[in-house]
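# any chance you can model this:
(2 chains)
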2 protein chains.
Amino acid sequence: MQELIKDLVVKTDSKIILVVLDGLGGLPMADGPYKGKTELEAANTPNMDRLAAGGACGLHVPVALGITPGSGPGHLSLFGYDPLKCLIGRGILEAVGLGMEVKNTDVAVRCNYATIEKGIIKDRRAGRPPTDESRKLTERLQKEIPKIDEAELMFGQGIEHRFAVVMRFPEPLPPASSAINDTDPQKTGQPPLRPVPAAPQAEEVARVAEKLISKAAEILKDEKTANYILLRGFSELPHMPTFHEAYGLRGLAVANYPMYRGLARLIGMDAPPVEGDIEEEINFLAANYGEYDFFFMHVKKVDSYGEDGNFEGKMKKIEEFDSMLPKMLELNPDVLIITGDHSTPALLKGHSWHPVPVAIKSPYVLGGMCKGFHERECTKGELGIFPTISLMPLALANAGRLKKYGA
Amino acid sequence: MQELIKDLVVKTDSKIILVVLDGLGGLPMADGPYKGKTELEAANTPNMDRLAAGGACGLHVPVALGITPGSGPGHLSLFGYDPLKCLIGRGILEAVGLGMEVKNTDVAVRCNYATIEKGIIKDRRAGRPPTDESRKLTERLQKEIPKIDEAELMFGQGIEHRFAVVMRFPEPLPPASSAINDTDPQKTGQPPLRPVPAAPQAEEVARVAEKLISKAAEILKDEKTANYILLRGFSELPHMPTFHEAYGLRGLAVANYPMYRGLARLIGMDAPPVEGDIEEEINFLAANYGEYDFFFMHVKKVDSYGEDGNFEGKMKKIEEFDSMLPKMLELNPDVLIITGDHSTPALLKGHSWHPVPVAIKSPYVLGGMCKGFHERECTKGELGIFPTISLMPLALANAGRLKKYGA
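Residues are numbered from 1 along each chain as shown, chains lettered A, B, ... in the order given. Okay, here's the model as predicted:
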């Protein structure tokens, strides 16, 4: 499908804004003050309701019915990439979440500090050391192991025992260069596993990993707990076209969390750091409005409250965005899409498989199908229930950026 | 899917009528007397409304969400052929639109008269000569170049500088026989390109094309403007089963425009010429009702008014069909389908990507879901939003022509 789209794309001056309220979709609460209502239904959202009433609404399915997407597949689908073919590996997602750059010359790995005794793992998380202590160790590793063989090494500290390593090779890597097993056996009382290449193309990366493990063990050998490292989620960039190659769009990501800027950068969008929250993001978008064709604006906290099971917090964050929507409408984009990357019902305290509500504002819609912007009304919308990867073609069509297929 | 259908098809005496109101789907106007209404909503269509209320309704997607189909993909989808796999080339569509026959032994090419001076193209359209003048040249070419090597040549005059050539070879052609570049460089001030075969199977066709170009240049050399020909859209028939092979149906196309008769003939339907408009088409259908199982009746002008941005013209054409629907119902077909091949909103003055309303009359539907026949009511229908290629299986099923799959 992306091949077809690429052939049909035309360039115009039209502007598309995609607002992702992370984890937007919800479920009705079983009791309490909001009994029977979803977060979107309980929220007072006059501006989004008006937009939904005049726009095209529906619900989209990020991966497949019943499948709960992570942030990677959720966003790739929104950007029109098949989430089953373009899987972002754990190592890359971790590195990207820490604000590290990952290129097509790189393999990224997720690492843990661990405790080892006579070759046997005692604690897979080294007693969950405070992040500040781990950071000192990670900085030491960075200083003492800047390079192994041909690979330049970049270390990034995560939370507690977690860190990431990006190995940068001189040339773009062939597919399956990172086909290497985790060294974490997932159990204590066992020796760590060796990083074994599953394909000839992965041999060089495995050699670097093996040397990294032994060098780190040597450097850390006098640490009480964090005296070893475990590696998992070896991954390389999926081979996929950039956003610009795929759609001819100059894309800007406006996101205050590194993870989402990183995801956007993986497909070549510009994603400079943004401070603050919704208001600052809208200001940032407005300040850069002239320079881009496509704007991905990400609001993280809707999901965070959902993950915490904080129904009211999620509801209020949605209301906060709604109150600032008029400012965004002043930009008068040709196409404005409001949706999420997946559902995160407070009821479930986590991501869920439920289709995600979406509203598209454009002059070329039927409209008049939904009374407000929430899950139940969206099922009455003109878009029906559709795969998330169809959202980009719809956005391009509404923006006049796709020519006719066949004569 | 077509493989599966072929295995399940059974023969009965049931009759299916598919009415294609070309470009049927529309969009609400932003202002004016019909503000907020689509063409179908504004039209007074008591007969279609009754049919929709008692029938199965929905909206179908010809190619994919966001993709605007041409007439070729739109109709192939209606006939149950995957429009991404069975693409009708430009040359064939041009030839077919001029009423020329195209068989599996043929390569069709779209041609322009052009002006050339010392080997350089001065005008790619030879100053857009009047059609009558071009026709004389085309008739001369036909007379003087009836055959090149093994290929019989058929010329068909189009509008102004346009004409088509069908090269007919003695044997059915293998795939990629027409893999040849356009000779039109798309710019003036450059020499024409040579027709270069991109595959060994295309060498013979390229040789014929090369000789055609030089013979035509010789014949036209004393013309002031139209002294050269440019070739593009070399194409052969896609390799696909006939309508009868696919469904066991004897199909009749009832269409007053050559293009749509030609599209039907490409899959082996009978498609004799029909004069007049809707009333004459219905009479023609009725007169041939005993001889066929499946009737494709095409109403072109609904689309033509849409393309012109003539909302009221499109609306009235829809009303005209509606007023004659009772006459068609007198035939009492087992299955009657009313739909379009794509949307052509007057608002957009062209084909669009919007799903196309459809109503199926059959004894085996739920019914009672829609109050009338238009886009918004159809979103409430029992068929939902579905791919156009599923329409033929639904028609066959409702006609009792598909047996159970598996035990």
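# rest of the way, CA atoms for contacts and neighbours
Will do.
# and the gap between residue A:320 and residue B:82?
46 Å (C-alpha to C-alpha, to the nearest Å).
# the two: which has the busier surroundings?
Counted by other C-alpha atoms under 10 Å in any protein chain shown, residue A:320 and residue B:82 do not tie: residue B:82 has more neighbours, with 21 against 16.
# need the contact list for the residue lying farthest from the centre of chain A.
Most distant from the centre of chain A: residue A:118, at 39.4 Å, with distances by C-alpha atoms, centre = their mean. The contact partners of residue A:118, taken as C-alpha atoms under 8 Å, 6 or more residues apart in numbering or on different chains, number zero.
# cool, and residue A:294?
Counting by C-alpha under 8 Å, 6+ apart, residue A:294 touches A:15-18, A:249-252.
# with pLDDT, secondary structure and neighbour count added, can I get these in CSV?
Below are these laid out as CSV (pLDDT from 0 to 100; DSSP: H, G, I helix; E, B strand; the rest coil; neighbours: other C-alpha atoms under 10 Å in any protein chain shown):
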residue, pLDDT, secondary structure, neighbour count
A:15, 98, coil, 22
A:16, 98, strand, 24
A:17, 98, strand, 26
A:18, 98, strand, 23
A:249, 98, coil, 24
A:250, 98, coil, 17
A:251, 98, strand, 24
A:252, 98, strand, 25
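# closest one of those residues to chain B?
Nearest to chain B, judged by C-alpha to the nearest C-alpha, of those is residue A:16 at 14.5 Å.
# how about the contacts made by that closest one?
Neighbours of residue A:16 in contact, by C-alpha under 8 Å, 6+ apart: A:293-295, A:333-337, A:395, A:399.
# let's see which of these end up in strands.
Members of those lying in strands (criterion: DSSP state E): A:294-295, A:335-337.
# compute the distance between the residue farthest from the centre of chain A and residue B:79, please.
Residue A:118 sits 72 Å away from residue B:79, going by C-alpha to C-alpha.
# now swap in residue A:246 and tell me
31 Å.
# more neighbours: those two, which one.
Counted by other C-alpha under 10 Å, residue A:246 and residue B:79 do not tie: residue B:79 has more neighbours, with 23 against 20.
# what sits against the more buried one?
B:243, B:389, B:391-392.
# ok, and the most crowded of those residues?
Result: residue B:389 is most packed of these (other C-alpha under 10 Å), 24 neighbours.
# distance of it from residue B:155?
Counting by C-alpha to C-alpha - residue B:389 and residue B:155 are separated by 34 Å.
# nearest residue to residue A:141 in space, please, no chain neighbours.
residue A:216 (6.8 Å; C-alpha to C-alpha, 6 or more residues apart in numbering or on different chains).
# the one you found and residue A:230 touch, don't they?
No. Using C-alpha atoms under 8 Å, residue A:216 is not in contact with residue A:230; the gap is 10.3 Å.
# more neighbours: which of these two?
More crowded of residue A:216 and residue A:230, by other C-alpha under 10 Å: residue A:230, with 25 against 20.
# residues touching that one, list them.
So residue A:230 contacts A:111-114, A:124, A:182-184, A:192, A:213 (C-alpha under 8 Å, 6+ apart).
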